[in-house]
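Novice: Model the following, please.
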Amino acid sequence: MIDFELGAIQERFADIVWANEPVGSGNLVKICEKEFGWKKPTTYTVLRKLCEKGLLKNDNGVVTSLISKEDFYSQRSQQIVDESFSGSLPAFVAAFVSNKKLTAKEADEIQKMIDAFREGGEG
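Specialist: So this is what the prediction gives:
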C-alpha cells in the first residue's frame, strides 16, 4: 500500500523521478545536487524513504516509480476528500470555492465534466 503523505521536499523529489524515469541513482544524485544543493547521502535517504512508502523502486541503481504521477495525485485527492470531508465531493468543492472565485472558464470546465459524467449514464 502506498503512503500518500509526502512532505514538500519528498513531493518535489518524486516529481524529479517522474520527469526523468527511469533514472540512474548516480544521475539522480547529480540532479538533486543541482536542484536542492544536496549531498549524495541526503538523496539516498529521501529515495529510501519514498521506496519504503511504496512510491518508488530502486532496482540495481535504476530508480522508477511504482505509480504514475497522475494516479498518485488522483488517489491523494480522494484520500483528502475521504479524510477531511467524510467522502463528500460536494462538501470538498464548497470548501474549495468558498474563498476562491471561480473564473467563467473554470466554471465551464467543471460543468463540462459534470455533463460528461451524466451523459455516461453515471449518477
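
Novice: roughly how far out does stretch 9-17 sit from the chain middle?
Specialist: Centroid separation for stretch 9-17 versus its chain: 9 Å, with CA atoms, centre = their mean, to the nearest Å.

Novice: no wait, stretch 30-37
Specialist: Relative to the centre of its chain, stretch 30-37 is centred 20 Å away, using CA atoms, centre = their mean.

Novice: can you tell me which residues contact Trp18?
Specialist: Ser65, Ser68, Lys69 (CB atoms under 8 Å, 6 or more residues apart in numbering). In this view, the C-beta of every residue, glycine as well, is placed from N, C-alpha and C.

Novice: ok, now with 7 Å
Specialist: Residues near Trp18 by CB atoms under 7 Å, 6 or more residues apart in numbering: Ser65, Lys69.

Novice: how about it, secondary structure?
Specialist: The three-state assignment at Trp18 reads helix, by DSSP: H, G, I helix; E, B strand; the rest coil.

Novice: And the pLDDT for it?
Specialist: Note on Trp18: pLDDT of 97.

Novice: Likewise for Phe92?
Specialist: Looking at Phe92, its pLDDT stands at 85.

Novice: List the neighbours of whichever strand or helix holds it that are in contact with it.
Specialist: In the assignment (DSSP states H and E), Phe92 maps to helix 89-97. Here helix 89-97 makes contact (CB under 7 Å, 6+ apart) with Val81, Phe85.

Novice: Swap in 10 Å and give it another go.
Specialist: 77-78, 80-82, 84-86, 88, 102, 106-107, 110 (CB atoms under 10 Å, 6 or more residues apart in numbering).

Novice: Is it possible to mark the buried ones in the residues you listed?
Specialist: Buried members of these, counted by 16 or more other CB atoms under 10 Å: Val81, Phe85.

Novice: Which positions within the helix or strand of the chain with the lowest mean pLDDT qualify as buried?
Specialist: Ranked by mean pLDDT, DSSP states H and E, the weakest helix or strand in the chain is helix 89-97, scoring a mean of 84. Residues of helix 89-97 classed as buried: Phe92 (neighbour count, 16+ other CB under 10 Å).

Novice: which helices and strands sit right next to the helix or strand that it is followed by?
Specialist: Using DSSP H and E, the helix or strand that follows helix 89-97 towards the C-terminus is helix 104-119. Applying 3 or more CB pairs under 10 Å, 6 or more residues apart in numbering; DSSP states H and E, we find helix 104-119 packed against helix 89-97.
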